[in-house]
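Enquirer: this one's sequence-less:
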């Protein structure tokens, strides 16, 4: 990692573990922190609606131990120890394992589909969170029932509409607001436990196991609701690069986990006292006089949770673009305070359309809960598979302990996925369909760009032969420097050959530049660029950027000049090729549907010149038709 990158990331963080832990409360724990709004309610509904005291203890025991085993043991204890140069998330893990050995299609497929699933369930999170918070108004007065759905839609539209402004200022308030939220949840839980202290015996896992083994098929179905308590666990790993593992662990064990355990226990205690549970049990913990402030706080917490999902989607999209799996999209840096402060308009508006559509289509949090969890449970299952590979190749564990640990997690994840799979007909097909669509886009873009790159290799010409040919042909050499962006790693690039063929002239100084995205998040600035002289006044350079970095070619040229590349920085013209793809006449290329999809994605992708930060007044784009 470059020193500049390290310093810029540190500069965006508060000082000390406590400050980073406070930031983590606002960035990482929004999703899992708002799950008490709907989890236990959903679990009880799946259990029949009127649980006996023994059944209530069994349900609580399942929730408590799910939080401990999946979040504390699996993610905090194991998965967060596998980082890619400090970065986390399933794409970073995929890159780490893929770089160990090249050409691993199974690892790539698992990582990509896991990322696609996060997009699928990510569209549901804002909808179910905001709806469940506002539904508390029905306890205050049933008159507002008809207005809850429109209000939720308005809140979500406004949330997505302000994304272009950036979250730097708002983000400073996220941590304190979520701190208050967790403290209030813990206090409410303690008040509930005081009504029925016997609820604490649910810490004994035998209560949960007894319910599972005696509840039959209904007991199995309940697991789909129980899983909702950990739907935000993947965020602990995905956001690790922004804050570091230690602050996240500090916040989890110091405040988040105790608050969640106490609140779930408090809700269950009310159930055991015979309190009304027909509406939202969470709000029944609150005194009537404080209900409106609690609803306001819950709404703020769910907005923060939704904000985390949106910014997480932006970050994952940038990783996918840099790794070559996603079409180039216009990325706007909304703040100089941190690299993670970005805005991706295309992702933002697509997420808004899907989220608001799901909100209106499902109508309430109960129906959304039926569709929620299946994609995240499958993502967790795929993460376990990658964790097994990491145990062997990163930690160098023997097969016996690797299989023992991975098998335990696999059995737990597979059980939850199987329980959630029963939701497919009731709405679970929605996030799965979204995930499949995202996966098709990612793989199609990668296959298309590979096909273009493979074809371009056949269009090159050895550098010495090219120079000799244009000299013999009397091609004019004009003053200045031409930088040709290329995908090839040898010879004169195709865009240079095409330029000479059409314009009958060539600059005096030539540089063929290839920009490569490495499978690590950051590349040391000292080793970023390599330069070689392949002919008189003709240089080739290869620049490497990490998948969390933004390329800057003009800045790169200054470094290349220091390495001996004769570049006149005051007189540079950049040449970029733009291919219009066509179907191969022999039909041996990509399938027709995939070629059409790739052509559509390429036409609508952001300009390469913008992606590489090329000056618009010194860039020439050369269009060509190309069969794939």
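Expert: Structure received. Keep in mind the model is a prediction, meaning the values are calculated, not measured.
Enquirer: List the buried residues for stretch 443-451?
Expert: Residues of stretch 443-451 classed as buried by neighbour count (16 or more other Cβ atoms under 10 Å): 443, 444, 445, 446, 447, 448, 449, 451. For every residue, glycine as well, the C-beta is placed using N, CA and C.
Enquirer: same for the host helix or strand of the third one, what does it pack against?
Expert: Right, the one you point to is residue 445. Using DSSP states H and E, residue 445 sits in helix 429-457. Helix 429-457 is packed against helix 105-122, helix 365-371, helix 374-393, strand 572-582, helix 592-604, strand 619-627, with contacts defined by 3 or more Cβ pairs under 8 Å, 6 or more residues apart in numbering; DSSP states H and E.
Enquirer: how does it look with 6 Å?
Expert: With contacts taken as 3 or more Cβ pairs under 6 Å, 6 or more residues apart in numbering; DSSP states H and E, helix 429-457 sits against helix 105-122, helix 592-604.
Enquirer: Following the chain onward from that helix, which element is next?
Expert: helix 463-472.
Enquirer: Show me the contact partners of that following helix.
Expert: The list of residues contacting helix 463-472 from outside it, by Cβ atoms under 6 Å, 6 or more residues apart in numbering, reads 491, 492, 534, 535, 538.
Enquirer: burial count for the last one?
Expert: So that's residue 538. Neighbour count of residue 538, defined by other Cβ atoms under 10 Å: 19.
Enquirer: Bridge partners for it, pull those for me.
Expert: residue 510, residue 535 (DSSP bridges).
Enquirer: What's the per-residue pLDDT of it here?
Expert: We note a pLDDT of 87 for residue 538 in this prediction.
Enquirer: And the fourth one, by the same measure?
Expert: pLDDT, the model's per-residue confidence, is 82 for residue 535.
Enquirer: in this structure, what spans have low per-residue confidence?
Expert: 1-15, 99-103, 166-172, 242, 278, 334-341, 566, 586-587 (pLDDT under 70).
Enquirer: where do the helices sit along the stretch 1-150 of the chain?
Expert: 3-11, 16-27, 30-33, 39-46, 53-66, 90-100, 105-122, 124-134, 137-140, 145-161 (DSSP state H, counting those that start in this stretch).
Enquirer: most centrally placed residue in this structure?
Expert: residue 316 (3.6 Å; Cα atoms, centre = their mean).
Enquirer: From residue 330, how far off is that residue?
Expert: For residue 316, the distance to residue 330 equals 16 Å [Cβ to Cβ, to the nearest Å].
Enquirer: swap in residue 387?
Expert: Residue 387 is 35 Å from residue 330, by Cβ to Cβ.
Enquirer: List the buried residues in stretch 182-192.
Expert: 182, 184, 185, 186, 187, 188, 189, 191, 192.
Enquirer: can you check stretch 202-218 too?
Expert: Buried, per 16+ other Cβ under 10 Å, within stretch 202-218: 202, 207, 208, 210, 211, 212, 215.
Enquirer: next one: it to chain centre, how far?
Expert: Centroid separation between stretch 202-218 and its chain, computed with Cα atoms, centre = their mean, to the nearest Å, is 34 Å.
Enquirer: Check stretch 476-485 too.
Expert: So, by Cα atoms, centre = their mean, the centroid of stretch 476-485 is 41 Å from its chain's centroid.
Enquirer: quick revisit: in TSV: the buried residues of stretch 443-451, plus distance to residue 83.
Expert: As requested, these are exported to TSV (distance: Cβ to Cβ, whole Å):
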residue	distance to residue 83
443	26
444	30
445	27
446	24
447	29
448	31
449	28
451	33
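Enquirer: Just give me the closest of these to residue 562.
Expert: The nearest member of the buried residues of stretch 443-451 to residue 562, counting by Cβ to Cβ, is residue 449 at 31.2 Å.
Enquirer: which parts of the helix or strand hosting residue 264 are buried?
Expert: Per DSSP H and E, residue 264 falls inside helix 257-272. Across helix 257-272, burial judged by 16+ other Cβ under 10 Å covers 257, 259-272.
Enquirer: ditto for stretch 428-441
Expert: 428, 430, 431, 432, 434, 435, 438, 439, 441.
Enquirer: how near is the fourth one to residue 365?
Expert: Remark: distance between residue 432 and residue 365 (Cβ to Cβ) = 20 Å.
Enquirer: what's the closest of the helices of the stretch 1-150 of the chain to residue 581?
Expert: helix 105-122 (21.8 Å).
Enquirer: Does anything pack onto the helix ranked longest in the chain? Which helices or strands?
Expert: The helix that spans the most residues within the chain, counting by DSSP state H, is helix 291-322. Where contact means 3+ Cβ pairs under 6 Å, 6+ apart, helix 291-322 is packed against helix 30-33, helix 124-134, helix 168-195, strand 342-344.
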